[in-house]
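**Student:** sequence first, then the predicted structure:
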Amino acid sequence: MTETAVPQTPAGAAASESGAVPRDVTGAVHAIADLARVASRKLARANRAWKDRALLEIADSLVARRDLVLAANRQDVEAGRQNGTSAALLDRLSLDTGRIDGLAAALRNLASLPDPVGTVERGQTLPNGLRLRQVHVPMGVVAAIYEARPNVTVDIAGLALKSGNAVILRGGSAAAHTNAALIGIIQDTLDRVGLPTDAVQTVDEYGREGANALMRARGRVDVLIPRGGHDLIQTVVNNARVPVIETGEGNVHIFLDKSAGEEMAVDILLNAKTQRPSVCNTVETLLVHSEAPAAPAVLAALAAAGVRLHVDDRVAALLPDGVQGQSATDEDWGREYMDLDLAVAMVDSMDEAIDHIRKWTTGHTEAIITNDLANSEKFIAEIDSAAVIVNASTRFTDGGELGLGAEVGISTQKMHARGPMGLQELTTTKWIVQGDGQVRS
């Protein structure tokens with residue numbers, strides 16, 4: 001890939017010699033997966049120094065070739081505007097100098113983290129002398145389906161490389177030019193450091209048919225991770241034949257306890273709703289205790305920041321002068337806005353708040369703002385979500401913020417992984433049994 005040309009076909013796809021998309025999409029996707037399997041075996045043997053060098057050089061290449069990435073991204077963003085893409089989706093789609101620097105910084109941070117491969121989960125020597133170890137090993141071939149999120153391309157590729165996995169990406173047509181540029185840079189760098197370029201591939205060339213073939217590639221893909229909105233996630237969960245780790249949409253709640261201080265409450269709610277409203281860890285529902293003195297100031301601050309309030313009748317009566325709200329419906333309590341909208345309900349007790357959360361949660365993140373230790377402990381004990389936060393913004397449910405380097409997604413299921421999925425969550429384990437001729441009696 002040259003520095004001056006923006007690729008028109010995503011890198012890593014297996015086009016025919018004529019450049020046309022093969023009719024046998026399933027066969028083409030299977031070929032990509034088979035190449036990924038071979039690459040995964042080499043990655044599984046790569047030591048930490050080798051993988052870290054690749055991560056650092058990819059970071060440097062992203063910065064050095066930033067103009068190429070930004071030019072590709074401008075094509076995608078402009079196409080999105082012309083197609084009527086929402087402001088929230090355009091924000092997720094857009095890259096700028098700062099965001100590319102952030103991607104590079106995340107890769108460098110990944111390189112500084114311990115390698116999970118080979119770490120011992122547990123071990124012992126049995127009375128018969130057998131020596132046991134349960135050790136972390138790569139998954140093998142990881143696939144990811146996502147949409148309009150070019151940052152995910154870099155995050156997942158970096159996490160997969162560090163954890164010794166090959167990855168197959170389906171990033172969607174909305175970010176096709178950007179993803180092609182990013183994958184080209186990653187593959188160029190892998191080739192330069194002597195790691196297999198097939199460790200990072202894409203099926204974007206094959207569109208939805210390619211995504212469907214990826215979902216059906218049982219035996220070739222070890223795990224598939226969808227990341228996106230409700231429709232995308234449910235499509236993958238309901239149609240995939242390969243193992244899926246479900247990452248959930250974020251109908252995130254904050255409960256404003258009656259003991260909450262005004263300054264803290266205002267700061268947390270403004271950050272949780274307005275810092276970047278298009279992402280899954282932004283708050284979508286605020287539950288206000290009927291005796292919370294901080295409530296009017298919180299509502300006024302949110303409205304002043306441009307947040308559109310969807311309120312129940314009791315909250316409507318509490319709105320300060322000049323603050324407008326529209327009547328909330330059941331659709332609002334279950335909705336992930338991913339925009340400057342917030343559903344607000346009033347409750348008379350923590351139990352009522354917990355009941356509301358249990359009814360409407362997607363299991364992503366819930367938070368409480370309180371100065372009552374007993375209430376915080378009750379909230380922690382009774383809320384069953386991937387992340388429970390006390391007196392801090394919900395925006396911290398993020399792999400980078402929690403010290404994981406980056407994340408593949410936020411798992412809302414309970415099998416294998418839950419919450420932000422970092423390096424260790426992209427490994428499985430195997431048992432190593434070493435003996436001296438023992439036989440079972």
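**Tutor:** Received it, and whenever you're ready, just let me know what you need.
**Student:** let me see the contact set for residue 418.
**Tutor:** Residues counted as contacts of residue 418 (CB atoms under 8 Å, 6 or more residues apart in numbering) are 386, 411-412. Yep, even glycine has a C-beta here, placed from its N, CA and C like the rest.
**Student:** tabulate those (JSON lines), appending secondary structure and neighbour count.
**Tutor:** Conversion of the contacts of residue 418 to JSON lines gives the following (DSSP: H, G, I helix; E, B strand; the rest coil; neighbours: other CB atoms under 10 Å):
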{"residue": "386", "secondary structure": "coil", "neighbour count": "22"}
{"residue": "411", "secondary structure": "strand", "neighbour count": "23"}
{"residue": "412", "secondary structure": "coil", "neighbour count": "23"}
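**Student:** from the residues you listed, pick the one nearest residue 217.
**Tutor:** Distance to residue 217, by CB to CB, is smallest for residue 411 among the contacts of residue 418, at 21.0 Å.
**Student:** what's the neighbour count on residue 374?
**Tutor:** Other residues lying near residue 374 total 10 when counted by other CB atoms under 10 Å.
**Student:** what's the answer for residue 75, then?
**Tutor:** With other CB under 10 Å as criterion, residue 75 counts 15.
**Student:** now do the one 10 residues further on
**Tutor:** By other CB under 10 Å, 18 other residues sit near residue 85.
**Student:** state the phi and psi torsions of the residue nearest to residue 212 when sequence neighbours are not counted.
**Tutor:** Nearest residue to residue 212 in three dimensions, chain neighbours excluded: residue 239, at 7.3 Å (CB to CB, 6 or more residues apart in numbering). The phi and psi torsions at residue 239 (degrees, to the nearest 10) take the values phi -120, psi -20.
**Student:** what's the neighbour count on residue 239?
**Tutor:** 12.
**Student:** repeat that for residue 263.
**Tutor:** Using other CB under 10 Å, residue 263 has 10 neighbouring residues.
**Student:** flag every buried residue along the helix or strand where it lies.
**Tutor:** Assigned by DSSP states H and E, residue 263 belongs to helix 262-274. Buried residues in helix 262-274, counted by 16 or more other CB atoms under 10 Å: 265-274.
**Student:** what's in contact with that helix?
**Tutor:** Residues outside helix 262-274 that contact it (CB under 8 Å, 6+ apart) are 252, 254, 256, 282-283, 286, 293-294, 297-298, 301-302, 305-307, 340, 342, 367, 369, 391-395.
**Student:** surely residue 252 touches residue 364?
**Tutor:** Yes: with contact defined as CB atoms under 8 Å, residue 252 reaches residue 364; the gap is 5.7 Å.
**Student:** shared neighbours of the two, anything?
**Tutor:** 280-281, 397.
**Student:** could those go into TSV alongside pLDDT, secondary structure and distance to residue 36?
**Tutor:** Formatted as TSV, those follow (pLDDT from 0 to 100; DSSP: H, G, I helix; E, B strand; the rest coil; distance: CB to CB, whole Å):
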residue	pLDDT	secondary structure	distance to residue 36
280	89	coil	27
281	93	coil	30
397	94	coil	30
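**Student:** mind putting those residues into CSV with neighbour count?
**Tutor:** Converted to CSV, these look like this (neighbours: other CB atoms under 10 Å):
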residue, neighbour count
280, 25
281, 22
397, 28
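**Student:** output the longest helix belonging to this protein.
**Tutor:** helix 25-45 (DSSP state H).
**Student:** any idea how far residue 389 is from residue 47?
**Tutor:** Distance of residue 389 to residue 47, given as CB to CB, to the nearest Å: 37 Å.
**Student:** equivalent analysis for residue 320, please.
**Tutor:** 61 Å.
**Student:** do residue 74 as well
**Tutor:** For residue 74 relative to residue 47 (CB to CB), the value is 39 Å.
**Student:** and those two? which has more neighbours close in?
**Tutor:** Higher neighbour count among residue 74 and residue 47: residue 74, with 15 against 10, using other CB under 10 Å.
**Student:** so the more buried one is in which element?
**Tutor:** Here residue 74 is assigned to helix 66-82, by DSSP H and E.
**Student:** who are the packing partners of whichever helix or strand comes after that helix?
**Tutor:** Downstream of helix 66-82, the next assigned helix or strand under DSSP H and E is helix 87-93. Contact here means 3 or more CB pairs under 8 Å, 6 or more residues apart in numbering; DSSP states H and E; on that basis helix 87-93 packs against helix 66-82.
**Student:** chain center to the helix it packs on: distance?
**Tutor:** Distance, stretch centre to chain centre, for helix 66-82: 22 Å (CA atoms, centre = their mean, to the nearest Å).
**Student:** burial count for residue 346?
**Tutor:** For residue 346, the count of nearby residues is 22 (other CB under 10 Å).
**Student:** each with direction, which strands does the strand or helix carrying it pair with?
**Tutor:** Using DSSP H and E, residue 346 maps to strand 341-347. Using DSSP bridges, strand 341-347 pairs in its sheet with strand 283-289 (parallel), strand 308-311 (parallel).
**Student:** give the buried residues for the next helix or strand after it.
**Tutor:** Going down the chain from strand 341-347, the next helix or strand is helix 350-360, by DSSP H and E. For helix 350-360, burial by neighbour count (16+ other CB under 10 Å) applies to 350, 352-354, 356-357, 360.
**Student:** and stretch 36-53, by the same measure?
**Tutor:** So for stretch 36-53, counting by 16+ other CB under 10 Å, buried means 36-37, 39-40, 43-44, 46, 48, 51-53.
**Student:** and if you look at stretch 416-427?
**Tutor:** 417-427.
**Student:** report the rounded mean pLDDT for that stretch.
**Tutor:** Here stretch 416-427 scores 90 as its mean pLDDT.
**Student:** just the C-alpha atoms of that stretch, please, in PDB.
**Tutor:** C-alpha atoms of stretch 416-427 as PDB (Å, rounded to 0.1, in the frame of the first residue of the first chain):
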ATOM      1  CA  HIS A 416     -16.100 -17.200  30.100                       C
ATOM      2  CA  ALA A 417     -15.900 -13.400  30.300                       C
ATOM      3  CA  ARG A 418     -17.900 -10.600  31.800                       C
ATOM      4  CA  GLY A 419     -17.300  -6.900  31.600                       C
ATOM      5  CA  PRO A 420     -14.500  -5.300  29.600                       C
ATOM      6  CA  MET A 421     -12.700  -8.000  27.600                       C
ATOM      7  CA  GLY A 422      -8.900  -7.400  27.600                       C
ATOM      8  CA  LEU A 423      -5.900  -9.700  27.100                       C
ATOM      9  CA  GLN A 424      -6.700 -12.500  29.500                       C
ATOM     10  CA  GLU A 425     -10.300 -12.700  28.300                       C
ATOM     11  CA  LEU A 426      -8.900 -13.600  24.800                       C
ATOM     12  CA  THR A 427      -7.200 -16.700  26.200                       C
END
